[in-house]
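Colleague: Sequence plus predicted model, see below.
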Amino acid sequence: GDSVTQMEGPVTLSEEACLTINCTYTATGYPSLFWYVQYPGEGLQLLLKATKADDKGSNKGFEATYRKETTSFHLEKGSVQVSDSAVYFCALHSGGSNYKLTFGKGTLLTVNP
Amino acid sequence: DAGVIQSPRHEVTEMGQEVTLRCKPISGHDYLFWYRQTMMRGLELLIYFNNNVPIDDSGMPEDRFSAKMPNASFSTLKIQPSEPRDSAVYFCASSLALGGGGNIQYFGAGTRLSVL
């Protein structure tokens, strides 16, 4: 079945540091890939997505590239801010008539000033 | 649009009591999802609906849990009787049925349930 594996947290960085959160997946067919972010006390919200191989999703300075050959979708940001402190979830949608998302376990990021 | 609206935001109850969580999806969305989030198990899909019809309830933990969607603008998740291990944050999400994949789910703010 479908699965998503993302790096264990928590991740603690200083402001302006570089961020990478690794995500790999297993899926049948050609899934769409997502990063969701959950700020403290809130629900998840979409950060970025990519729907086919080699697509790059980007938003708010974050980027992730859909790598079919390595089945990966790593999240990156060149310079994090305190306001980026949140839990980040990698997810996939395997397509077709199944509208379920498969989520990773989440990675807690804390950015210190 | 106001987004997905969940109520109550917090619920504290005693073991054995009935709990009802409520959700109003985004108007026009075809799909509605119920999730449970705990530290131990992460984010789990409980059930989802398409056009008010339950499609997949394989994530519902046991018969104490039930979900309904009587119309396109309202859904409930009921736990009866509640147990301390049901303590979690419960999220509702909705999405449009779009072709070609990449469907985005929009989440509510969640209901934090504590069963004492």
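Modeller: Arrived safely. Residues are numbered from 1 along each chain as shown, chains lettered A, B, ... in the order given.

Colleague: Not counting sequence-adjacent ones, nearest residue to the residue positioned nearest the centre of chain B?
Modeller: Chain B has residue B:34 as the residue nearest its centroid, 2.8 Å off, counting by Cα atoms, centre = their mean. Leaving out its chain neighbours, the residue that sits closest to residue B:34 by Cβ to Cβ, 6 or more residues apart in numbering or on different chains is residue B:46, at 4.4 Å. C-beta here means a position set from N, CA and C on the backbone, and glycine is covered the same way.

Colleague: List the contacts of that neighbour.
Modeller: Remark: with contacts taken as Cβ atoms under 8 Å, 6 or more residues apart in numbering or on different chains, residue B:46 is in contact with B:34, B:35, B:36, B:57, B:59, B:60, B:61, B:65, B:67, B:77.

Colleague: mind running it again at 6 Å?
Modeller: Residues near residue B:46 by Cβ atoms under 6 Å, 6 or more residues apart in numbering or on different chains: B:34, B:36, B:59, B:60.

Colleague: List the contacts of the residue in chain A that chain B sits nearest to.
Modeller: For chain A, the residue closest to chain B is residue A:43, as judged by Cβ to the nearest Cβ, at 3.4 Å. The contact partners of residue A:43, taken as Cβ under 6 Å, 6+ apart, are B:91, B:107, B:108, B:109, B:110.

Colleague: Out of those, list just those in helices.
Modeller: Among the contacts of residue A:43, DSSP state H puts none in helices.

Colleague: Please indicate which of these are buried?
Modeller: B:91, B:107, B:108, B:109, B:110 (16 or more other Cβ atoms under 10 Å in any protein chain shown).

Colleague: Mind putting those residues into JSON lines with distance to residue A:76 and pLDDT?
Modeller: Shown next, in JSON lines, are the buried ones among the contacts of residue A:43 (distance: Cβ to Cβ, whole Å; pLDDT from 0 to 100):
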{"residue": "B:91", "distance to residue A:76": "27", "pLDDT": "96"}
{"residue": "B:107", "distance to residue A:76": "24", "pLDDT": "94"}
{"residue": "B:108", "distance to residue A:76": "29", "pLDDT": "96"}
{"residue": "B:109", "distance to residue A:76": "28", "pLDDT": "95"}
{"residue": "B:110", "distance to residue A:76": "28", "pLDDT": "96"}
